[in-house]
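Colleague: just a sequence and a predicted model for now, questions to come.
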Number of protein chains: 2
Amino acid sequence: MNLAELRDAFDERDWQRTEPDPDDPLRFAMIGLGWWTTEEMIPAVAAEPGIETTVLVSSTAEKAERVANETHTDAVGIDYDAFHDGEAAAEYDAVYVCTPNALHLPYVETAAELDKAVLCEKPLESTVERAEQLVDAAADIPIMTAYRMHTDPAIRIAKRLFEAGEIGAPVAVQGHMTQDVLDIAGADSWRLDPSLAGPGASVTDLGIYPINTARYVLGRDPVAAHASMYSEHEAFGDVPDEAASFLMEYEGGVTGSYTASQHAQLSGSLRLIGTTGELRLEPAFFNDDRATLHRRTGTSGVTDTSIEFETVDQMQVEAAYFADCLRDDRSIEADAEHGLLDMRAIEAVYEAAERGERVEL
Amino acid sequence: MNLAELRDAFDERDWQRTEPDPDDPLRFAMIGLGWWTTEEMIPAVAAEPGIETTVLVSSTAEKAERVANETHTDAVGIDYDAFHDGEAAAEYDAVYVCTPNALHLPYVETAAELDKAVLCEKPLESTVERAEQLVDAAADIPIMTAYRMHTDPAIRIAKRLFEAGEIGAPVAVQGHMTQDVLDIAGADSWRLDPSLAGPGASVTDLGIYPINTARYVLGRDPVAAHASMYSEHEAFGDVPDEAASFLMEYEGGVTGSYTASQHAQLSGSLRLIGTTGELRLEPAFFNDDRATLHRRTGTSGVTDTSIEFETVDQMQVEAAYFADCLRDDRSIEADAEHGLLDMRAIEAVYEAAERGERVEL
């Protein structure tokens, strides 16, 4: 397949089944107003037809109202207790949960009681145990784990090329995601607090990108992990993984080798090596880093080709997919069970590092 | 530092201390006439002033003479026994050992008895024990482990940038080297025979590239390994690593995650992630794949730059460096002790995969 032709012919929203109705939009309550919600999600929803932000939920109603003003939404601002009390429940159809990981569960529980759909940020929760409780709580509502790579056009084309046999059988995956959380969110970020983030800082928040995306593209689940991690900087005193390198074994013998760090150059990549070709996304994973898909084939004389993708607002496309599934009343690919499996993978990575052993999921 | 200016100002042979004397060339005996010697090393030596091939050593004198004719050298052809008997010893000053790994030792022993310098292919031998014997045998002669990356201009510039602090402190390394040995050398290649290759096929022959190059650029030695490997194809029935993914822990907390496979798309890369920048060589490692050095810096707004390097004949430059050290009577950076440490790293990788545990070197 010619890459450029494939891109030109590719329907970037090949998942779309319904048309948005401007008179009947999907209305979001946004829970947790950190920078990701205010700088990424609220603008993304504002840019997409057929969805809107109608309620903001934060520690105080005042903060929520202030964010509503600052983000030019007409949203109602309420506090967390009011949300749990069902206040303004008539004003929204779905909730976007973007709190620290260890607080996902109570908001999903309340959303389920209120019979609202949920788009829940990754990782699904802070521990496997709490994630299992979350899956149970959400058994009767539509729920999506917010894996924005699943609707990223570059990732979808890579998956299509792989499934078409364009790189032969899969051999190995490499991936990494690194950033400097001290620069982005400061040393007091909840991502550095195990009581809020879960077992660590880098694998939970960044390593999950190659873990989940490889799994999505390969169509194989991880079965075991090996890992090495370290923390040296004082800001990482409570977590084991200022930086982590880890291996994942997949069904059928394919292995992945990954790196994640919250104290490093911002960078991300995903490389899928097959018997007769290689696909590589670089940059990858970051919302505002233009993706390029590279393909290499051939033996004695190799052929390297690549295509650049216009930057898409991954949060906008993800929210549009979520809304389309709800309008269409169909099941969501990355549901809570899907997110739970990655929680097991993440916990296996930390356990493998702790024990210095291969850990089966 | 501006990458392009750095490349333009960079003396690609910054290691050179002496001028070759056409009337007094360094004369090589080539031991082992497989495709690497005939297609890579003999042409490389022919292209470089001040070195020449004068003796070819193979299983029979007839084969050696035939290769001499085919490669347009005036070299004398002798067989292995004749080499051990000291035949034609007056015709050469140094030997290039490019036999299967498990045969390096006897040729180095004979070269030492004959007081010849040695350029020995990597890995140094098939096992740590035999490599230790090789180090002992070569105690009184100049010997180099043939790491052609040490004199590759792209690698040297990457090392210089790293040492100048251009990516901050090192965080992690990623690397991979993959090829299809069945296509290159066939299913009866000695690389698939543990009695000749050592503990495996992919880590010994290909994984050693990121293992050694990362160590060279970082200036840090590995201290522990974790690994996962598998063999499925029938040609890999005697070795555990048709494909391998593995981790290396370095002195001071830096980790590396690597992939190697002898049954995959030809490809290689090396990525060095630091706290404030990233350097990446892609392609990397293959002699006839033009190297490109990529650099990324910046946080919220990243800057990506890259420079391409003209393809250099890495074997030619390596042989020229070796000859320069001999003329200058100075010590060789990648000596046998240097190669022995990588043997320990390789053995730790196989042991880690076998035991499913972290293994210290």
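Modeller: Now that the structure is in, tell me what you want to look at.

Colleague: which residue lies nearest the spatial centre of chain A?
Modeller: The central residue of chain A, meaning the one whose C-alpha is nearest the mean C-alpha position (CA atoms, centre = their mean), is A:Y147 at 3.1 Å.

Colleague: thought it was touching A:A334?
Modeller: Yes. Using CB atoms under 8 Å, A:Y147 is in contact with A:A334, at 4.6 Å. Any C-beta I mention is one placed from the backbone N, CA and C, and that applies to glycine too.

Colleague: between the two, what contacts are shared?
Modeller: Taking CB atoms under 8 Å, 6 or more residues apart in numbering or on different chains as the contact definition, A:Y147 and A:A334 share the neighbouring residues A:Y216.

Colleague: how deep is the spatially closest residue to A:A139 that is not a sequence neighbour tucked in, by neighbour count?
Modeller: Using CB to CB, 6 or more residues apart in numbering or on different chains and skipping residues adjacent in sequence, the residue nearest A:A139 is A:A112, 7.9 Å away. Other residues within reach of A:A112, judged by other CB atoms under 10 Å in any protein chain shown, total 19.

Colleague: contacts only, for A:A112.
Modeller: Counting by CB under 8 Å, 6+ apart, A:A112 touches A:118, A:137-141.

Colleague: same question for whichever helix or strand it is part of, mean pLDDT?
Modeller: With secondary structure defined by DSSP states H and E, A:A112 is part of helix A:104-113. If you average the pLDDT over helix A:104-113, you get 98.

Colleague: how about stretch A:59-77?
Modeller: When pLDDT is averaged along stretch A:59-77, the result is 93.

Colleague: check the separation of the first and last residues in it.
Modeller: Across stretch A:59-77, the straight-line distance between its terminal residues is 10 Å, by CA to CA, to the nearest Å.

Colleague: one step back: gap between the residue nearest to the centre of chain A and chain B?
Modeller: For A:Y147, the distance to chain B (CB to the nearest CB, to the nearest Å) stands at 22 Å.

Colleague: for that residue, phi and psi?
Modeller: Backbone dihedrals for A:Y147, given as degrees, to the nearest 10, come out at phi -90, psi 90.

Colleague: which parts of the stretch 1-150 of chain A are helices?
Modeller: According to DSSP state H, counting those that start in this stretch, the stretch 1-150 of chain A carries its helices in the segments A:3-9, A:35, A:42-47, A:61-70, A:80-84, A:104-113, A:128-137.

Colleague: need those helices in a markdown table (columns: distance to B:T18).
Modeller: Formatted as a markdown table, the helices of the stretch 1-150 of chain A follow (distance: least, CB to CB, whole Å):
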| stretch | distance to B:T18 |
| --- | --- |
| helix A:3-9 | 49 |
| helix A:35 | 59 |
| helix A:42-47 | 64 |
| helix A:61-70 | 69 |
| helix A:80-84 | 75 |
| helix A:104-113 | 67 |
| helix A:128-137 | 64 |
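
Colleague: just name the most buried of the ones you listed.
Modeller: The highest mean neighbour count among those belongs to helix A:104-113 (a mean of 22), with neighbours defined as mean count of other CB atoms under 10 Å in any protein chain shown.

Colleague: centre of the chain versus it, how much separation?
Modeller: Average the C-alpha atoms of helix A:104-113, do the same for its chain, and the two points are 19 Å apart (CA atoms, centre = their mean, to the nearest Å).

Colleague: check stretch A:194-210 too.
Modeller: On CA atoms, centre = their mean, the centre of stretch A:194-210 falls 12 Å from that of its chain.

Colleague: what about it, near chain B?
Modeller: No. Counting by CB under 8 Å from any CB of the partner chain, chain B is not contacted by stretch A:194-210; separation bottoms out at 10.1 Å.

Colleague: and A:G277, how many neighbours?
Modeller: Here the number of neighbours of A:G277 (other CB under 10 Å) works out to 23.

Colleague: quick one: contacts for it?
Modeller: When contacts are taken as CB under 8 Å, 6+ apart, A:G277 is in contact with A:166-168, A:295-297, B:265.

Colleague: tell me the SS of the spatially closest residue to A:E360 that is not a sequence neighbour?
Modeller: In space, and not counting its chain neighbours, A:E360 is closest to A:A224: 4.7 Å by CB to CB, 6+ apart. Reduced to three states with DSSP: H, G, I helix; E, B strand; the rest coil, the structure at A:A224 is strand.

Colleague: is it correct that A:A224 is in contact with A:E357?
Modeller: No. Counting by CB under 8 Å, A:E357 is not a contact partner of A:A224; they are 10.0 Å apart.

Colleague: returning to that earlier point: the residue nearest to A:E360 and A:A172, how far apart?
Modeller: 15 Å (CB to CB, to the nearest Å).

Colleague: do the same with A:F236
Modeller: 29 Å.

Colleague: hmm, A:G268 is touching A:F285, no?
Modeller: Yes. Taking CB under 8 Å as the definition, A:G268 is a contact partner of A:F285 at 3.6 Å.

Colleague: overlap of the contact sets of the two?
Modeller: With CB under 8 Å, 6+ apart applied, the overlap between the contact sets of A:G268 and A:F285 consists of A:177, A:209.

Colleague: looking at those two, which is more packed in?
Modeller: When A:G268 and A:F285 are compared on other CB under 10 Å, the one with more neighbours turns out to be A:F285, at 28 against 23.

Colleague: can I see the domain layout of chain A?
Modeller: Partitioning chain A according to automatic domain parsing yields domains covering residues A:11-148, A:152-313+A:335-360.

Colleague: turn those into TSV, columns for distance to B:A323.
Modeller: As requested, the domains of chain A are exported to TSV (distance: least, CB to CB, whole Å):
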stretch	distance to B:A323
domain A:11-148	55
domain A:152-313+A:335-360	29
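
Colleague: most packed of those?
Modeller: Highest mean neighbour count among these (mean count of other CB under 10 Å): domain A:152-313+A:335-360, with a mean of 21.

Colleague: chain center to that domain, what's the gap?
Modeller: Centroid separation between domain A:152-313+A:335-360 and its chain, computed with CA atoms, centre = their mean, is 11 Å.

Colleague: for it, what is the average pLDDT?
Modeller: Across domain A:152-313+A:335-360, pLDDT averages out at 95.

Colleague: how long is that domain end to end?
Modeller: The stretch domain A:152-313+A:335-360 measures 30 Å between its terminal residues, going by CA to CA.

Colleague: ok and the helix holding A:A112 relative to helix A:128-137, angle-wise?
Modeller: Helix A:104-113 runs at 10 degrees relative to helix A:128-137, counting by axes from the mean of the first three to the mean of the last three CA atoms, to 10 degrees.

Colleague: ok, A:P123 touching A:G339?
Modeller: Yes. With the criterion set as CB under 8 Å, A:P123 and A:G339 qualify as a contacting pair; they are 7.0 Å apart.

Colleague: which neighbours do the two share?
Modeller: Residues within reach of A:P123 and of A:G339 at once, by CB under 8 Å, 6+ apart, are A:A131.

Colleague: for A:F10, which non-adjacent residue is spatially closest?
Modeller: Once flanking residues are discounted, A:F10 sits nearest to A:I157: 5.8 Å by CB to CB, 6+ apart.

Colleague: that neighbour: what secondary structure?
Modeller: Judged by three-state DSSP, the three-state class of A:I157 is helix.

Colleague: so how far is A:D289 from it?
Modeller: 17 Å.

Colleague: CA atoms of the longest helix belonging to chain A as PDB?
Modeller: When secondary structure is assigned using DSSP state H, the longest helix within chain A turns out to be helix A:336-355. Extracted in PDB, the C-alpha atoms of helix A:336-355 (Å, rounded to 0.1, in the frame of the first residue of the first chain):
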ATOM      1  CA  ALA A 336     -13.900  -0.100  31.700                       C
ATOM      2  CA  GLU A 337     -13.000  -3.800  31.400                       C
ATOM      3  CA  HIS A 338     -10.500  -2.700  28.700                       C
ATOM      4  CA  GLY A 339      -9.000  -0.100  31.100                       C
ATOM      5  CA  LEU A 340      -8.900  -2.700  33.900                       C
ATOM      6  CA  LEU A 341      -6.600  -4.900  32.000                       C
ATOM      7  CA  ASP A 342      -4.100  -2.100  31.700                       C
ATOM      8  CA  MET A 343      -4.300  -1.600  35.400                       C
ATOM      9  CA  ARG A 344      -3.300  -5.200  35.800                       C
ATOM     10  CA  ALA A 345      -0.400  -4.700  33.400                       C
ATOM     11  CA  ILE A 346       0.700  -1.500  35.300                       C
ATOM     12  CA  GLU A 347       0.600  -3.300  38.700                       C
ATOM     13  CA  ALA A 348       2.600  -6.200  37.200                       C
ATOM     14  CA  VAL A 349       5.300  -3.700  36.000                       C
ATOM     15  CA  TYR A 350       5.700  -2.200  39.500                       C
ATOM     16  CA  GLU A 351       5.700  -5.700  41.100                       C
ATOM     17  CA  ALA A 352       8.300  -6.900  38.600                       C
ATOM     18  CA  ALA A 353      10.500  -3.900  39.500                       C
ATOM     19  CA  GLU A 354      10.000  -4.500  43.200                       C
ATOM     20  CA  ARG A 355      10.700  -8.200  43.100                       C
END
